[in-house]
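[1] quick one: sequence and predicted model below, then my questions.
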Amino acid sequence: MTRSLKTKFLGAAIVAGLCLSGAQAQGFGDRLKKLAKKEAAEKVEDVIGKSAAQSSPQASVGGASAAGGASVAPPSQDLMDLTQCSDLKVSNVMVGKLGEFTFQQGLSQEERTGFINRRAATPTNGCILPSIDAYEAIYMEVDTAKFKAMGSFELQCVESATRKNANDPLPNRGMSHISEKHMMLNCGNSEGIEECISGSNSDRASAWSKSLESRGKTMLSVHAPTYHNDPGTNIYCQYYNPASGKSLFGFQFLRRKG
């Protein structure tokens, strides 16, 4: 895939704003309102025979606890149910993070930045990706032709405990946290990844772009950002296609102090 073609696809996916309004709110927003009413009624029942700590949304949703704050957890089923999966499926899903790897260059041990600590992952409930901690990222691929045909996408995020629109910082809305050079590591790398190349960062990027193009794929990625005064907030997001009212994927991440 050429750089200009990939940029065109990713540019179409950049979100103009976070607030849901108009036609956008009719999908994810309306379902959230119905869910909020349902939960309000359930909470009245929960108060009977339960302590305030047990009935607290922060104690029951998103892996939070009164004493220790939030922890990484899968999204609740009701949140996942709000995401209607599109017919386009993601593939080659991996969880990892951007970090330093090493490789040998003659007598010198060189260091570069790449996508490390990779582990393969399989979406659940059709298109729900694994939950990730701060600093972690998810890499995935989609069929280029089908992705282009669907048009624009937008990232919609809510706080898992409150269902309120989540505020910045959020994952890159253009789905471009990881670049091609991060995926193609130098040969002899400390990660033990065999698909590799010996060359410059530009060579690495070009090699991965050619690999994607040969397979008819476009790469996407999301990451879990940190925030200086966040004690730990689980945030649920979906990558939403307004034209179809469906999402390419959903996932939950833990945003916390960096």
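    On my side now, so go ahead. None of the values given here were measured: they were computed from a predicted structure.
[2] from now on I want contacts and neighbour counts done on CA atoms only, so please keep to that.
    Fine.
[3] can you give me the strands for the protein?
    91-105, 108-120, 137-143, 154-159, 185-186, 196-197, 217-223, 233-241, 246-255 (DSSP state E).
[4] winner for burial among those?
    strand 185-186 (a mean of 30; mean count of other CA atoms under 10 Å).
[5] so who does the spatially most central residue of the chain touch?
    Centroid-nearest residue in the chain, with CA atoms, centre = their mean: residue 222, separated by 3.8 Å. By CA atoms under 8 Å, 6 or more residues apart in numbering, the residues touching residue 222 are 137, 138, 139, 171, 172, 175, 176, 177, 178.
[6] and the pLDDT for residue 73?
    Listed pLDDT for residue 73 reads 92.
[7] what about it, how many neighbours?
    18 (other CA atoms under 10 Å).
[8] from memory residue 187 sits against residue 200, does it?
    No - counting by CA atoms under 8 Å, residue 187 sits too far from residue 200 to count as a contact (11.5 Å).
[9] neighbour-wise, which of those two wins?
    Between residue 187 and residue 200, residue 187 has the larger neighbour count (other CA under 10 Å), namely 19 against 11.
[10] adding distance to residue 155, write the contacts of residue 222 out as a markdown table.
    Formatted as a markdown table, these follow (distance: CA to CA, whole Å):
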| residue | distance to residue 155 |
| --- | --- |
| 137 | 15 |
| 138 | 15 |
| 139 | 16 |
| 171 | 9 |
| 172 | 9 |
| 175 | 9 |
| 176 | 12 |
| 177 | 14 |
| 178 | 17 |
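[11] from those residues, which is closest to residue 95?
    Using CA to CA, residue 138 is the member of the contacts of residue 222 that lies nearest residue 95, at 4.5 Å.
[12] how about the nearest residue to that closest one, chain neighbours excluded?
    Nearest non-adjacent residue to residue 138, counting by CA to CA, 6 or more residues apart in numbering: residue 95, 4.5 Å away.
[13] now swap in residue 139 and tell me
    Counting by CA to CA, 6+ apart, the residue nearest residue 139 is residue 221, at 4.5 Å.
[14] any idea what the one you found is bridged to?
    residue 139, residue 176 (DSSP bridges).
[15] need the contact list for it.
    137, 138, 139, 140, 175, 176, 177, 178.
[16] would you confirm that the first one contacts residue 99?
    Which is residue 137. No - with contact defined as CA under 8 Å, residue 137 does not reach residue 99; the gap is 11.0 Å.
[17] give me phi/psi at residue 191?
    Note on residue 191: its backbone torsions stand at phi -90, psi -10 [degrees, to the nearest 10].
[18] that one contacts residue 101, correct?
    Yes - assessed by CA under 8 Å, residue 191 is found in contact with residue 101 at 6.9 Å.
[19] common neighbours of the two, please.
    residue 116.
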